[in-house]
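[1] Here is a sequence with its predicted model. Questions after.
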Amino acid sequence: TMVVSPLAGFFSERIGSRVFMAAGLALQALALGWLGTLVSVHESYASMVGPFVLAGAGMALVFAPAANAVLSSVRTDQAGQASGATNAIRELGGVLGIAILATVFTSHGSYASPQDYVNGLVPAVWVGAAVLGVGSLIPILLPFSTRDSAVAHAAAEAAERGSAHPTLAAEPAA
């Protein structure tokens, strides 16, 4: 995450956030699917490092570009409100996600034994993978707005001029 996030933020300013958000969510879905196939009572933690690294890279591809997308879509005087709303929505999503996955876990397993734990964990991980997989399609399928086009055009112009912040060159939204 520490390596991928700054790179994702840098490149998403230049080519747009959608590809990075879609790829990041898809990587997280793949990581959870991979984890869902690995988890067993006798599985070592070391064998799960790969899915954890993949999930971390996926998260890094989502968070910085999402922040860039939000902040570049509002006027400068609205940046604080947009950032606050984004953080609140992200926290709410985390709360709902945990509640849903905990419900899936408890409907299939428990903490009574290692096998009961795995019985609950596997379906919860697969539900998480499915949600992330569907979520990875959203940035690609949403229609582009005229604001997206203006930001992309401003980014291209700024790149020609060598600006460090191409999205700041875009005209403010009306």
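    Everything's here; your move.

[2] List the buried residues of the helix ranked longest in the chain.
    When the chain is parsed with DSSP state H, its longest helix is helix 79-108. Neighbour-count burial for helix 79-108, with 16 or more other C-beta atoms under 10 Å as criterion, is recorded at 82, 101, 104, 105. Quick note: C-beta positions are derived from backbone N, CA and C, even for glycine.

[3] Quick one: residues contacting residue 55.
    Counting by C-beta atoms under 8 Å, 6 or more residues apart in numbering, residue 55 makes contact with 27, 28, 31, 32, 35.

[4] give me the number of residues near the first one?
    Residue 27 sits with 22 neighbouring residues when counted by other C-beta atoms under 10 Å.

[5] Check whether it really touches residue 61, as I assumed.
    Yes: between residue 27 and residue 61 there is a contact under C-beta atoms under 8 Å: 6.6 Å.

[6] Closest one of the buried residues of helix 79-108 to residue 54?
    residue 101 (18.5 Å; C-beta to C-beta).

[7] From residue 65, how far off is residue 72?
    Per C-beta to C-beta, to the nearest Å, residue 72 is found 10 Å from residue 65.

[8] Residue 78 too?
    19 Å.

[9] Same question for residue 13.
    Residue 13 is 9 Å from residue 65, by C-beta to C-beta.

[10] now the contacts of residue 55 in a markdown table, with secondary structure and pLDDT?
    Below are the contacts of residue 55 laid out as a markdown table (DSSP: H, G, I helix; E, B strand; the rest coil; pLDDT from 0 to 100):
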| residue | secondary structure | pLDDT |
| --- | --- | --- |
| 27 | helix | 96 |
| 28 | helix | 97 |
| 31 | helix | 98 |
| 32 | helix | 98 |
| 35 | helix | 97 |
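
[11] could these be laid out in TSV, adding distance to residue 19?
    Shown next, in TSV, are those (distance: C-beta to C-beta, whole Å):
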residue	distance to residue 19
27	12
28	15
31	18
32	21
35	24
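
[12] so which of those comes closest to residue 92?
    residue 28 (18.3 Å).

[13] Residue 9 - nearest residue in space that isn't next to it in sequence?
    residue 64 (3.4 Å; C-beta to C-beta, 6 or more residues apart in numbering).

[14] so which strand or helix has that neighbour?
    Element membership for residue 64, per DSSP states H and E: helix 49-72.

[15] buried sites along that helix?
    51, 54-72.

[16] Same check on stretch 36-45?
    Neighbour-count burial for stretch 36-45 [16+ other C-beta under 10 Å]: 36, 39.
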